[in-house]
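Student: Kindly generate the corresponding structure for this input.
(3 chains)
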Amino acid sequence: MADGILIENVVKTYGSGDTAVHALRGVDMAVAKGEVVGLIGPSGSGKSTLLKCLGAVIEPTSGRMTIGDRCIYDNGWKVRDLRALRRDLIGFIFQAPYLIPFLDVTDNVALLPMLAGKSNAVARKEARDLLGALDVGHRAAAMPSQLSGGEQQRVAIARALINRPPVILADEPTAPLDGQRALAVVGLLNDMAQQFDTAIIIVTHDEKIIPTFKRLYNIRDGRTVEEVPGASVPEVPA
Amino acid sequence: MISLAGRDILHGWGKYMLTGVGLGLLIGVTLSMAGVYRGMVDDAQALLDNSQADLWVVQKDTLGPYAEPSNLAEDSERPIQAMRGVAQAAGVTYLTMQIAHGDEDVRVMVVGAEMGAPGLPGQPTHLVAGRHIVRGHYEAVADVKSGFAIGDRVKVRRNFYTIVGLTSRMVSSGGDPMLFLSLKDAQAAQFQKDSDAILRQRARIAASPQLNPPGNPAVSQAVNAVQSENNNVNAVLVTLSPNAQPDEVAAAIRRWQRLTVYTRAQMEEILVDKLIANSARQIAMFLVILSIVSAAIVAFIIYTMTIGKIREIAVLKLIGTRDRTIAWMILQQALGLGLIGFVVGKIAASLWAPFFPKYVLLLPADSIRGFFAVMLICTLASVLAIQAALKVDPAEAIGG
Amino acid sequence: MSRRGWTMAAVLVPLLVLFAWVAFRSGPLASTNVTVAQVETRRIAPAMFGIGTVEARYTQKVGPTAAGRVTMVAVDVGDMVKAGQLLAQIDPIDLDQRIDAAAGGTARSAALEQAAAALIADATARVALARSQAERTEQLKKSGWVTNALVDQRRQELAAAQAGLVAAQANRGAAAMDSSRLGAERAALVEQRSNLRLVAPHAGLVVRRAVEPGTTVVAGQSVVEIIDPAQLWINARFDQTQSAGLAAGLPVRIALRSRPDAPISGTIERVEPMADALTEEVLAKARFTVTGTLPSIGELAEVTVALPAGAATLAVPNAAVHRVDGATGVWVIRDGDLDFVTVKLGVQDLGGWVQVLAGLAAGDRIVVHSAKALKASSRFSIVDALP
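Tutor: Numbers count the residues shown, from 1 in each chain, chains lettered A, B, ... in the order given. Below is the predicted model:
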């Protein structure tokens, strides 16, 4: 059962009349808690549009979206504060870490719980714990510019996880990485999904990691098709 | 919740401070302009205060003695002295001239005042060095702005005067330092002609058969003596007895002596409204322009700082930061810049004020007004940047 | 604190300190700097200062008493002359001829006198004849030889002859008076004639030669002016407000404009009873003896009269005296506050020290110089010297 995130017949059309662009023509997706699925497709297929709809950044034209047992969109937003929605229910991992350069590592991660209303001390403690779990605790006081690419990526993952959102959207997280590291990141995400009971959707066109997914969604011309790749989950290098 | 603005500033505080210092110099210039205006008005008021007079009696139908030339016979002070309500009446002369000092010329206002008793109107109110004039002739008291020192001998017209005392803030309405002489010396300086002119005058009189009848040489001598008499003053300054009303006494003098009389309020109006009105308007326009320029510069700086953070703002919006948190961050940065600018500006204006050729008066009230104006300008200037920040689409954080 | 923190503090702290300093120490909030002195006891030697011109005490303007033309001027400016020395000669023009005319008139009247005397002799003779005829006729009448008519006729002839004698005597009196009148007129013209020779009435120095030979002068016009060079004085003017105590006999120091560094000593000869009302000055004459070259008449001079110092009294510098709200006084520092104390002032000396007759005590600390005009509420700080 899809108790992570459920998308039913989501349509997104830009413009109207003759110049209308039908980006999404009825997308169906279901991801369970603790599951990691891939979202693949050629460019122009509506991948970004779908991600933006999933991320509650743009409004679909019609359809239904549910996170957990909460319907967030049913032919119209069902929540008033999208920002709070994003803050509390959705975690984002971007192509680049996109850490806030003027906040140190701890504060970058602690920012979200602070925005949610937790006190600074509590938020920072949670952040430090999470950074420790992700093996970057020793860099907690550094500024983002002092971290290596891989460390920054882990901090970005920590930021996505800190509020324990039920859904995490990862947009090409392995794009700048080589084979080994890419697999490492995917392995990490799998671990986190298990540990924190989060549904993770990874948008990617990286050939190296596609085989690792148990389930895939292939989006073509605005419609998704569920697929199962051939290979099994490889060993996560130590 | 941590202060995003504070963290951002801390991260690049050197650049921030330098920007603030630059803005501060601009604000300092603006504060100095206001100080120049206040200084001009203060010069006019100092002129009126320092003369210690309650009423100014001048030639009929003139705006003198500062705004227009005015000449009175010296003995017109006697009937004024006798009027009810008048405590003291003293003649005074004013003459602006250049005096040589070393290699250069100094522009001074030569003031002739009666030095017989202490505290007569027209005398300097306080000294910063030396003593008041004691001898009836050939002594002078100068303002420190003239650059003279005690013991200097200055040449005014034909005579040398020894500086025996120094004053401060005794300036004309144009900012020229004053040089006090006894009334007789100043009358000689103002009304006496040079030797050539006197000789030509004597020759003219000698050639006229009316003024030099043959066989009666006494006539031409008498005429020469009358021509070289100098018993005029530019104004009579009047101080009133404790219970006298200035307007009543002024009206009485106008009616019975048929001279023009101005009270302190009227003189202030003449000086401030007529004499310095144009300069005041000039400065006011300049202040307005400076304020607009400052606002534009602050707006530009804040906008640039914000645009440099577009990616971070998009990310913040995406991960759930409220619009108003982001707006508040930008506003805080603008206000912080304004605060640094104001502090630097006030320091700069105070430090360079004494070096201006004319008096610059920085009032605390003006500084407070300036502070609020700077804060307001920063707030308005940040509006542009806030608009840009709010328009940022969080989707930009997610690639294409 | 991190290194960044230290650097920031190094910038911000001085900035804030500077700001605070600027806010409180400059501009109108700043306190006024003043210098103070203690009221001391001094002997004030009041002095008066006036200016004047060098004048000669005696000037004689020598000129003719009748119109004439100058023929010769014997002296020039700068000559020393003795009493009686010839200075100039005026041409008499018609005076000599008028004297001759007068002489002629005198001679004529003498002749008339003689004629009158002769007429008297004639009339006397007639009287004698008429008398003797009248007596004879009287006698003949007695003897009856003549008529009454003849007697009357002879009596009338006698009366007529007597009248004729009186007339002749009167004539002679008139002629005598005429003669004396003409004689006096001639003497007057001669006297005038002698005045055309201008001589020096006293010994002295010629200072003006007003006309040259050939000029026509009228009565009373001066031809040569003479002064007594040993008697020069300064006609000095003192301001009325500062001339209390000016009296004859006081010693003075005179500085001539041409020799300001070589003062001459002198004495006040007299104080003029008539002061100058328009210039409000008292006039006085200061006599001096001059050594070396004479100063020019009309040269400006400064006259300083030193009065003897009085008894020691409290004194303050005149820079400390102010007039506030119509009262004259000084600012006194009491318990760290400024008080304006009204004082009664006495005389002043040329160094600017003024006697304080009432209002202060010895040792009071008074404000002498201040950077701004003071009010009772002014904040002040004491410094050694301004500015």
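Student: Could you list the buried residues of stretch B:42-53?
Tutor: B:D42, B:D43, B:A44, B:Q45, B:A46, B:L47, B:L48, B:N50, B:S51, B:Q52, B:A53 (16 or more other CB atoms under 10 Å in any protein chain shown). For glycine as for every other residue, the C-beta is placed from the backbone atoms N, C-alpha and C.
Student: mind checking the SS state of the last one?
Tutor: Under DSSP: H, G, I helix; E, B strand; the rest coil, B:A53 falls in the coil class.
Student: State the distance from the most centrally placed residue in chain A to B:S382.
Tutor: Nearest residue to the geometric centre of chain A (CA atoms, centre = their mean): A:L169, 1.3 Å. Here the criterion is CB to CB, to the nearest Å. By it, A:L169 lies 33 Å from B:S382.
Student: so where's the stretch 251-400 of chain B uncertain?
Tutor: Counting by pLDDT under 70, the stretch 251-400 of chain B has low-confidence residues at B:396-400.
Student: Please work out which residue of it is closest to chain C.
Tutor: Nearest residue of the stretch 251-400 of chain B to chain C: B:S350, at 4.1 Å (CB to the nearest CB).
Student: any weak-confidence spans in chain A?
Tutor: Along chain A, segments meeting pLDDT under 70 span A:1-2, A:230-238.
Student: please redo it, this time with the cut-off set to 50
Tutor: A:1, A:231-236, A:238 (pLDDT under 50).
Student: Tell me where it has strands.
Tutor: Using DSSP state E, the strands found in chain A span residues A:5-14, A:21-31, A:36-40, A:62-67, A:70-74, A:90-93, A:167-171, A:199-203, A:215-220, A:223-227.
Student: and whichever residue of chain B sits closest to chain A, how many neighbours?
Tutor: Scanning chain B for the residue nearest chain A gives B:G320, at 2.5 Å (criterion: CB to the nearest CB). Neighbourhood size, B:G320 [other CB atoms under 10 Å in any protein chain shown]: 25.
Student: again, but for the one 5 residues further on
Tutor: A total of 16 residues lie near B:T325 under the criterion other CB under 10 Å.
Student: Report the contact partners of it.
Tutor: A:L115, B:M1, B:L4, B:L316 (CB atoms under 8 Å, 6 or more residues apart in numbering or on different chains).
Student: circling back to that earlier point, what separates the residue of chain B closest to chain A from B:W328, distance-wise?
Tutor: 16 Å.
Student: before we move on, what about B:L179?
Tutor: According to CB to CB, B:L179 stands 60 Å off from B:W328.
Student: Name the residue in these two with the higher neighbour count.
Tutor: Between B:L179 and B:W328, counting by other CB under 10 Å, B:L179 is the more crowded of the two (28 against 15).
Student: I'd assumed the more buried one was in a strand, is it?
Tutor: Yes. B:L179 forms part of a strand when assessed by three-state DSSP.
Student: Next up, the contacts around the closest residue to A:D74 other than its chain neighbours.
Tutor: Using CB to CB, 6 or more residues apart in numbering or on different chains and skipping residues adjacent in sequence, the residue nearest A:D74 is A:R64, 4.9 Å away. When contacts are counted by CB under 8 Å, 6+ apart, A:R64 is found next to A:L6, A:I7, A:E8, A:N9, A:V10, A:C71, A:Y73, A:D74, A:N75.
Student: Span of stretch C:280-297 from start to end?
Tutor: 24 Å (CA to CA, to the nearest Å).
Student: quick one: that stretch near chain B?
Tutor: No. Stretch C:280-297 stays clear of chain B (CB under 8 Å from any CB of the partner chain), getting no nearer than 8.6 Å.
Student: Pull the distance from that stretch to the chain's centre.
Tutor: 13 Å (CA atoms, centre = their mean, to the nearest Å).
Student: in that stretch, what's buried?
Tutor: C:E280, C:E281, C:V282, C:L283, C:A284, C:K285, C:A286, C:R287, C:F288, C:L294, C:P295, C:I297.
Student: in the stretch 51-200 of chain C, which spans are strands?
Tutor: Assigned by DSSP state E, counting those that start in this stretch, the stretch 51-200 of chain C shows strands spanning C:59-62, C:68-73, C:80-81, C:86-91, C:197-199.
Student: For chain C, what is the nearest residue in chain A?
Tutor: Closest point on chain A to chain C, by CB to the nearest CB, is A:A141, at 10.5 Å.
Student: Apart from its chain neighbours, what residue comes closest to that residue?
Tutor: Nearest one to A:A141, counting by CB to CB, 6+ apart, is A:D104 at 5.9 Å.
Student: Just list the residues touching the one you found, thanks.
Tutor: Taking CB under 8 Å, 6+ apart, one finds A:A140, A:A141, A:A142, A:M143, A:P144 in contact with A:D104.
Student: thinking again about what came up before, which one of the strands of the stretch 51-200 of chain C lies closest to chain B?
Tutor: Nearest of the strands of the stretch 51-200 of chain C to chain B, taken as CB to the nearest CB: strand C:59-62 at 9.9 Å.
Student: Any part of that closest one near chain B?
Tutor: No. Strand C:59-62 lies out of reach of chain B by CB under 8 Å from any CB, never closer than 9.9 Å.
Student: tell me what that strand is packed against?
Tutor: strand C:224-227 (3 or more CB pairs under 8 Å, 6 or more residues apart in numbering or on different chains; DSSP states H and E).
Student: what's near enough to touch C:V11?
Tutor: B:M17 are the contacts of C:V11 under CB under 8 Å, 6+ apart.
Student: so C:F380 sits right up against C:L374, yeah?
Tutor: Yes. Contact criterion CB atoms under 8 Å: C:F380 and C:L374 qualify, at 7.2 Å.
Student: In the stretch 251-387 of chain C, which residue sits nearest chain B?
Tutor: Across the stretch 251-387 of chain C, no residue is closer to chain B than C:R323, which sits at 2.2 Å (CB to the nearest CB).
Student: Tell me if I'm right that that residue and B:G122 touch.
Tutor: No. Taking contacts as CB under 8 Å, C:R323 lies outside contact range of B:G122: 11.6 Å.
Student: and the spatially closest residue to A:L82 that is not a sequence neighbour, what does it touch?
Tutor: Nearest in space to A:L82, with sequence neighbours left out and distances taken as CB to CB, 6+ apart, is A:A56 at 5.1 Å. Taking CB under 8 Å, 6+ apart, we find A:A56 in contact with A:I72, A:Y73, A:W77, A:L82, A:L85, A:R86, A:I90.
Student: can we see that at 10 Å?
Tutor: A:65, A:67, A:72-73, A:77, A:79, A:82-83, A:85-86, A:89-90, A:169, B:318, B:394 (CB atoms under 10 Å, 6 or more residues apart in numbering or on different chains).
Student: Over to A:I157?
Tutor: Each residue near A:I157 by CB under 10 Å, 6+ apart is listed here: A:91, A:93, A:97, A:109, A:130, A:134, A:136, A:168, A:170, A:173, A:185, A:188-189, A:192.
Student: Repeat that for B:I302.
Tutor: Residues near B:I302 by CB under 10 Å, 6+ apart: B:19, B:330-331, B:333-335, B:337-338, B:378, B:381-386, B:388.
Student: Could you give me the buried positions within stretch C:231-246?
Tutor: Judged by neighbour count using 16+ other CB under 10 Å, the buried positions of stretch C:231-246 are C:L232, C:W233, C:I234, C:N235, C:A236, C:R237, C:F238, C:D239, C:Q242, C:S243, C:L246.
Student: I'd like those residues laid out as CSV, including secondary structure.
Tutor: Formatted as CSV, the buried residues of stretch C:231-246 follow (three-state DSSP):
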residue, secondary structure
C:L232, strand
C:W233, strand
C:I234, strand
C:N235, strand
C:A236, strand
C:R237, strand
C:F238, strand
C:D239, strand
C:Q242, helix
C:S243, coil
C:L246, coil
